[in-house]
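Asks: model the structure of this input:
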Amino acid sequence: MKVATVDAGPVGRSAAAAIEAAEGRAWIDLYSAAPTGWAADAGLMAEERDGTVVLQWAATGRRYFTRAIGLGVTGPATESSLDEILGGFEKAGIDMFLLQSLPHCLPAEYEEWLVARGLEPFDAQDRVVRGDGPPVLDDSAGRTDRELKVERVTAATADEWAEFLQSVYRLDTGPWLQRLIGRRGWHQCIAREEGRIVGARGMYIGPDGAAWLGMDGPVPGLTTDDYEPDAAICAHLVAHGIANGARSFLADIEAPSPDLDTPSYRYFGRLGFHRPYVRTHWARLGAFAGYELGEAQGGVDESVDRNEGCECLEPGGVQDRAGEEDAGESGH
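Replies: Purely as a prediction, here's the structure:
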């Protein structure tokens, strides 16, 4: 039996805008869950500006937690809006940040404006999405003799889960992550093997029924070559999301392949996802690129994703964050 793969048919600008807006809402709610005092000390902030979501987490020094989502897609970008975002990062003392471009971005000069401000392609992600129909599972794919157990994170296991993610991402999140357990819209899952946590991923179902899958750790293809725990968690989350009113799902493949042929494409394909577009991340590199490279080689993921993660990063015709080599395009 042929293994399901991810279709790569494009979507229109309005559909892309809705997808990006759904992710933006998830990140706003994620950042809003942090305790006020802790967030202030960490320089944590998330806000929406004319349809663009702007994230800042000054204390991390990680690009993926300080970025803009939806700029040029949810509405045409302007040079003044771009300069306002960059100026906010500068005012906060943040040098490590990302902006993004999609095929749908307006105006046509948008990427020229990024280049004029010293930004260049850094990495990319393959966006994957699906509706609320039943997963298209292929019984011959993804079989394993491993005894992976997927479970929801509860108040009793919240500290263990939070410690796992902090270890994977090499971050200090204080009391923040535990506040997501029981928070409206959030569903966190872990995979265990022989009692030990070997993978985690979360889902946020927004008021409109759009479910964002992120906060994955470790990130398949980037910080681990073991895809099976994430595959099992994603299958669980899609089924759980449908049962809890999700009408659409979105995620990222953070280690993209031009041929769409890694295990991530196979398990997302089995679950009925397709790839509508690629997102390219832009950054100021130069003197600060070495920091990012060293962290990535040390096993750090910067997507929260990811994820990406967490949403997660993807190589693809641009420089990936792990080695800043030419690759494909990807969040997780």
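
Asks: for the closest residue to Ala210 other than its chain neighbours, grab phi and psi.
Replies: Leaving aside its sequence neighbours, Ala210 sits nearest to Ala22 (Cβ to Cβ, 6 or more residues apart in numbering; 3.7 Å). All C-beta atoms are positioned from the backbone trio N, CA, C, and that covers glycine. Main-chain torsions, Ala22, degrees, to the nearest 10: phi -60, psi -40.

Asks: do you know the pLDDT at Ala22?
Replies: Model confidence at Ala22, given as pLDDT, is 98.

Asks: now it: how far from Thr52?
Replies: Using Cβ to Cβ, to the nearest Å, Ala22 is found at 14 Å from Thr52.

Asks: what residue ranges in this structure score low on pLDDT?
Replies: 1-4, 137-144, 287-332 (pLDDT under 70).

Asks: helices of that one, residue ranges please.
Replies: Counting by DSSP state H, the segments of the chain that form helices are 13-32, 36-42, 79-91, 110-116, 158-169, 228-243, 263-270, 289-297, 308-311.

Asks: please enumerate the strands of this protein.
Replies: Using DSSP state E, the strands of the chain run over residues 44-49, 52-57, 67-69, 99-101, 120-130, 148-152, 186-193, 196-205, 210-217, 248-253, 274-283.

Asks: mean neighbour count and distance to Tyr267 added to the ones you listed, as a markdown table?
Replies: Below are the strands of the chain laid out as a markdown table (neighbours: other Cβ atoms under 10 Å; distance: least, Cβ to Cβ, whole Å):
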| stretch | mean neighbour count | distance to Tyr267 |
| --- | --- | --- |
| strand 44-49 | 17 | 30 |
| strand 52-57 | 24 | 28 |
| strand 67-69 | 25 | 25 |
| strand 99-101 | 23 | 25 |
| strand 120-130 | 26 | 10 |
| strand 148-152 | 15 | 13 |
| strand 186-193 | 21 | 13 |
| strand 196-205 | 24 | 12 |
| strand 210-217 | 30 | 12 |
| strand 248-253 | 29 | 10 |
| strand 274-283 | 24 | 13 |
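
Asks: export the ones you listed to TSV and tack on distance to Ala231?
Replies: Output for the strands of the chain, formatted as TSV (distance: least, Cβ to Cβ, whole Å):
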stretch	distance to Ala231
strand 44-49	30
strand 52-57	28
strand 67-69	26
strand 99-101	26
strand 120-130	13
strand 148-152	9
strand 186-193	9
strand 196-205	9
strand 210-217	11
strand 248-253	12
strand 274-283	17
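
Asks: looking at those, spot the one closest to Ala18.
Replies: Proximity to Ala18, assessed across the strands of the chain by Cβ to Cβ, is greatest for strand 210-217 (7.6 Å).

Asks: could you name the helices and strands sitting against the closest one?
Replies: Helices and strands touching strand 210-217, by 3 or more Cβ pairs under 8 Å, 6 or more residues apart in numbering; DSSP states H and E, are helix 13-32, helix 158-169, strand 196-205, helix 228-243, strand 248-253, helix 308-311.

Asks: which of these is buried the deepest?
Replies: Highest mean neighbour count of the helices and strands packed on strand 210-217: helix 308-311, a mean of 32 (counted as mean count of other Cβ atoms under 10 Å).

Asks: end-to-end on stretch 244-261?
Replies: One end of stretch 244-261 to the other measures 31 Å (Cα to Cα, to the nearest Å).

Asks: quick one: distance of that stretch to the chain centre.
Replies: Taking Cα atoms, centre = their mean, to the nearest Å, the mean C-alpha location of stretch 244-261 is offset from the chain mean by 10 Å.

Asks: ok, stretch 87-97 next?
Replies: On Cα atoms, centre = their mean, the centre of stretch 87-97 falls 21 Å from that of its chain.

Asks: could you dump it to CSV, C-alpha only?
Replies: Below are the C-alpha coordinates for stretch 87-97, written out as CSV (Å, rounded to 0.1, in the frame of the first residue of the first chain):
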residue,chain,number,x,y,z
GLY,A,87,12.2,50.1,16.1
GLY,A,88,10.4,48.2,18.9
PHE,A,89,13.0,45.4,18.8
GLU,A,90,15.8,47.9,18.9
LYS,A,91,14.2,49.8,21.8
ALA,A,92,13.9,46.6,23.7
GLY,A,93,17.6,45.8,23.1
ILE,A,94,16.8,42.8,20.9
ASP,A,95,19.2,42.0,18.1
MET,A,96,18.0,38.4,17.5
PHE,A,97,14.7,38.5,15.7
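
Asks: tell me how far the closest residue to Glu111 other than its chain neighbours lies from Pro229.
Replies: Counting by Cβ to Cβ, 6+ apart, Glu111 lies nearest to Ser101, which is 5.6 Å off, once chain neighbours are set aside. Taking Cβ to Cβ as the measure, Ser101 falls 32 Å from Pro229.
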